[in-house]
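Asks: The following block contains a protein sequence and its predicted model.
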2 protein chains.
Amino acid sequence: MEAYDCEYDVLDDMRGIQNAMIEAAERTGATVVDVAFRKFEPYGVSGVVVISESHLAIHTWPEFGYAAIDLFTCGDKADPWRAFEYLSSHFKPKKITTMEIKRGNLIASDNKNCVSIDSAKEAVSGE
Amino acid sequence: MEAYDCEYDVLDDMRGIQNAMIEAAERTGATVVDVAFRKFEPYGVSGVVVISESHLAIHTWPEFGYAAIDLFTCGDKADPWRAFEYLSSHFKPKKITTMEIKRGNLIASDNKNCVSIDSAKEAVSGE
């Protein structure tokens, strides 16, 4: 998930981003097991929320109004698009690009919801 | 990076994986700023190494011999392929699949090395 044209202050607010990423993780239906966030000088935030066999990661460049966000989920219960929707409402980007990548085709054979990497769906929306 | 057909014990060894991920991060030329790893029962490890504006993440499924690894780097100095080479030597997968995704086309305009998401290179190697 690429979020463009976000407000500088939102992208430089580590505490706000951390809370939003935790909330987003919980909205996928997952349980948060670890959190690691850092604020960089003069600007920028990096952070990761680790959930079971999954994670959400973010890196922000307030000077460009840009955030790169990874939503890695596994299993039928975890829905990454709920996190996407929540983070979209938090960062309010004027343009969003998303790319969905299926991981680990071995897993698919055991009926887990991490299927072939071969098929990648890209969706673009924006103003 | 998808690593298939790895040894069970290697994929279930949280301490070994954590050390390997930190070493891999440092080999990209980056400085580690935070580390978060978890061992799951009965098997499996998830973890993230946060580096400046970047991260390395891993989720292992020892029961499938499989690990999903993300190597997110930014800038001219950080070379994710050095991490790839080190992790390949650590996990010794019989098959590896990689996909390189360029992130954040706004960043490219300012001469940072995170360029258009439009071009994704996929390389497959294995037995």
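Replies: In hand now; what should we look at? Numbering: from 1, shown residues only, chains lettered A, B, ... in the order given.
Asks: Would you map the strands across chain A?
Replies: Along chain A, counting by DSSP state E, strands occupy A:2-4, A:32-39, A:45-51, A:54-61, A:66-72, A:95-101, A:120-126.
Asks: mind checking the longest helix of chain A?
Replies: helix A:14-27 (DSSP state H).
Asks: Show me how far it is from its chain's centre.
Replies: Relative to its chain's centre, helix A:14-27 lies at 10 Å (C-alpha atoms, centre = their mean, to the nearest Å).
Asks: mind listing what A:Ala30 touches?
Replies: A:51-52, A:54, A:73, A:77-78 (C-beta atoms under 8 Å, 6 or more residues apart in numbering or on different chains). Backbone N, C-alpha and C define where each C-beta goes, glycine included.
Asks: Likewise for A:Ile17?
Replies: A:10-11, A:37, A:45, A:47, A:58, A:60.
Asks: next one: A:Val48
Replies: A:35-37, A:55-58, B:34, B:36, B:48, B:50, B:55, B:57.
Asks: Low-confidence bits of chain A, can you list those?
Replies: For chain A, residues meeting the criterion pLDDT under 70 lie at A:106-127.
Asks: could I get stretch A:48-63 in PDB with only the CA atoms?
Replies: The C-alpha coordinates for stretch A:48-63 follow below in PDB (Å, rounded to 0.1, in the frame of the first residue of the first chain):
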ATOM      1  CA  VAL A  48       6.300  -2.700  12.600                       C
ATOM      2  CA  VAL A  49       3.400  -4.500  14.300                       C
ATOM      3  CA  VAL A  50       4.000  -8.200  14.600                       C
ATOM      4  CA  ILE A  51       1.000 -10.500  14.700                       C
ATOM      5  CA  SER A  52       0.800 -14.300  14.600                       C
ATOM      6  CA  GLU A  53       2.600 -15.400  11.400                       C
ATOM      7  CA  SER A  54       2.000 -11.900  10.000                       C
ATOM      8  CA  HIS A  55       3.000  -8.300  10.300                       C
ATOM      9  CA  LEU A  56       2.100  -4.700   9.400                       C
ATOM     10  CA  ALA A  57       5.000  -2.400   8.500                       C
ATOM     11  CA  ILE A  58       5.200   1.300   7.700                       C
ATOM     12  CA  HIS A  59       7.800   3.800   6.600                       C
ATOM     13  CA  THR A  60       6.900   7.500   6.200                       C
ATOM     14  CA  TRP A  61       8.500  10.300   4.300                       C
ATOM     15  CA  PRO A  62       6.700  13.400   5.600                       C
ATOM     16  CA  GLU A  63       8.800  15.600   3.400                       C
END
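Asks: Thank you, goodbye.
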